[in-house]
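>>> Return atomic coordinates for the entry below.
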Amino acid sequence: VQLQASGGGLVQAGGSLRLSCTASGISLRDHAIGWFRQAPGKERERILCISADGRANYEDSVKGRFTISRDVARNTVYLQMNDLKPEDSAVYLCALHPACGGFTTAWGQGTEVTVSS
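Here you go, the predicted model:
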């Protein structure tokens, strides 16, 4: 199993980015994918998850600004981030779970997002 995250970069406050997490060795129809972020000096925070049946779960910190979606044919999960704020700056990681809220079976390598004010 391998998860490859991409799409991070530098963006101004108020801007948008779309991150991708491509899975290999598994089918998204059988697993949940969660997005997490970790800012320097802070604990890793789960922000969204999409279940095996395609239902999305959002944490309050990103509700209304971030959207999770997936393309099963491409085995890829997307994280659309809008209205970015400097406090969204972090390394964003995707993770594989049997179900949203469940334990993690694999981590992607992370992609860094920096939001300038």
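>>> Only C-alpha atoms from now on, for both contacts and neighbour counts.
OK.
>>> what does stretch 7-18 rub up against?
19-20, 78-86, 92, 111-117 (CA atoms under 8 Å, 6 or more residues apart in numbering).
>>> List only buried entries from the residues you listed.
19-20, 78-79, 81-82, 84-85, 92, 111-116 (16 or more other CA atoms under 10 Å).
>>> Please identify which pair of these lies farthest apart.
Within those, two members stand farthest from each other by CA to CA: 78 and 116, at 22.3 Å.
>>> The buried ones among the contacts of stretch 7-18 in strands, which ones?
19, 20, 78, 79, 81, 92, 111, 112, 113, 114, 115, 116 (DSSP state E).
>>> so where's the protein uncertain?
Counting by pLDDT under 70, the chain has no low-confidence residues at all.
>>> Check which helix or strand the spatially most central residue of it maps to.
For the chain, residue 35 is the residue whose C-alpha lies nearest the centre (CA atoms, centre = their mean; 2.9 Å). Using DSSP states H and E, residue 35 falls within strand 32-38.
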